[in-house]
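1. Provided below are the primary sequence and the corresponding predicted coordinates.
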Amino acid sequence: MNPRPLTQRSGAAHTRILSYGAARGENAVVNDDLVGPIDSSDEWIRQRTGIVTRMRADQGTDAIDLATRAADEAVVRSGLERSQIDLVIVATVSNPKQTPSVSAIVADRIGANPAAAYDLNAACAGFSYGVAQADALIRSGAATHAVVVGAEKLSDIVDPADRSISFLLGDGAGAIVVGPSDTPGIGPTIWGSDGSKADAVGMNHTLTEFRDGVAPWPTLRQEGPTVFRWAVWEMVKVARQALEAAGITAADLAAFVPHQANMRIIDEFAKQLELPDSVEIARDIETTGNTSAASIPLATHRLLEEHPELAGGLALQIGFGAGLVFGAQVVVLPGAPAGPQ
């Protein structure tokens, strides 16, 4: 047989980020509220992590609610009609249900039906993975405008007595709209994984173990020293590769937005990358905490609010976490909000 040749689509030559949106948990939780169960102190937490407060959501708020708020703001700021959104990607590890996806519900809530929608689970690298996929799908012609969200309600899956991670985590969501561009606005993504270190950070039990009564409710845990060493020494190499792939140097950056895991990791990153003083470094962890997939867009949203002069500049973003997985790319920061059309 000689079947008739199939027609293939092609999309925009380049993509860019049009806008950001953000939603943080409703409650600021200070260190003193958490130190009892872990026999610690405000001073110890500040020195170890740089966190002063973390934002946590109300009991009745879930990751879907947070994702919806952030996505809605991003769409409004993009200036697009809601019907122009034809792809929604949500990166999360805290969907309150295994299925349906957060993304399909968010697409409906923001008025983007019948957009393609799916979730991805790449933990703290989830947002960077979502950016890579939105960029590729738009350039392939599979989508035209995408909403990418990182959303987490980690307070639902944390053990208050776990000294390895309980004091780190916050709740929130950050979102972007990605669309076609005449010039490159999203650089090549450097991503990968190392499953040999899967036990370094993740859930301590399975849902089936909980169901069968052989384990308590699954919560997050980590081997802090292992994760710290991996992040500091291996992820700096990935960051350098992302700069090289984009054809720039650290001196060309306007901003550096690493995953908000730990202030000491952020400081060591900046030191090893030899970032000039002109580069604004995201330090949202101080008042928001570690929000996993949400941390990069939340931190970028805050940088743009506090430093509007960064609009149009280059930002290096890198996510890394459970898996272990990682993803990094250089992006052009969007300009002032366009407002609804």
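-> Yep, that arrived.
2. Can you tell me, leaving aside adjacent residues, what's nearest to residue 300?
-> Nearest in space to residue 300, with sequence neighbours left out and distances taken as Cβ to Cβ, 6 or more residues apart in numbering, is residue 257 at 5.1 Å. C-beta: built from backbone N, CA, C; applies to glycine.
3. quick one: contacts of whichever strand or helix holds that neighbour?
-> Element membership for residue 257, per DSSP states H and E: strand 255-258. With contact meaning Cβ atoms under 8 Å, 6 or more residues apart in numbering, strand 255-258 is reached by 235, 239, 265-266, 269-270, 273, 275, 279-282, 296, 299-300, 303, 307, 310, 313-318, 333.
4. Just the buried ones out of the residues you listed, please.
-> Applying 16 or more other Cβ atoms under 10 Å to those, the neighbour count classes 235, 239, 265-266, 269-270, 273, 275, 279-282, 296, 299-300, 303, 310, 313-318, 333 as buried.
5. out of those, which are inside strands?
-> Judged by DSSP state E, strands contain the following of the buried ones among the contacts of strand 255-258: 280-281, 314-318.
6. Would you map the strands across the protein?
-> For the chain, the strands defined by DSSP E occupy 14-24, 27-30, 53-56, 87-91, 116-120, 146-153, 171-181, 190-193, 201-203, 220-222, 255-258, 280-281, 314-321, 325-332.
7. what packs against the shortest one?
-> Strand 280-281 makes packing contacts with strand 255-258 when contacts are defined by 3 or more Cβ pairs under 8 Å, 6 or more residues apart in numbering; DSSP states H and E.
8. Pairing partners for the strand it packs on, with directions?
-> Within its sheet, and counting by DSSP bridges, strand 255-258 is paired with strand 280-281 (parallel), strand 314-321 (parallel).
9. Format these as CSV; extra columns: distance to residue 110.
-> Shown next, in CSV, are the strands paired with strand 255-258 (distance: least, Cβ to Cβ, whole Å):
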stretch, distance to residue 110
strand 280-281, 29
strand 314-321, 23
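10. Which of these sits closest to residue 36?
-> strand 314-321 (27.1 Å; Cβ to Cβ).
11. Could I get the average pLDDT for the closest one?
-> Per-region confidence: strand 314-321 scores 97 on mean pLDDT.
12. still on that earlier bit, count the residues that sit near the residue nearest to residue 300.
-> 28 (other Cβ atoms under 10 Å).
13. Show me the beta-bridge partners of it.
-> residue 317.
14. Return the lowest-mean-pLDDT helix or strand in the chain as CSV; C-alpha atoms alone will do.
-> When each helix and strand of the chain is scored by mean pLDDT, DSSP states H and E, helix 224-229 comes last, with a mean of 90. C-alpha atoms of helix 224-229 as CSV (Å, rounded to 0.1, in the frame of the first residue of the first chain):
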residue,chain,number,x,y,z
GLY,A,224,18.7,17.4,53.7
PRO,A,225,22.5,17.1,53.3
THR,A,226,22.2,14.9,50.2
VAL,A,227,19.8,17.4,48.5
PHE,A,228,21.9,20.4,49.5
ARG,A,229,25.1,18.9,48.1
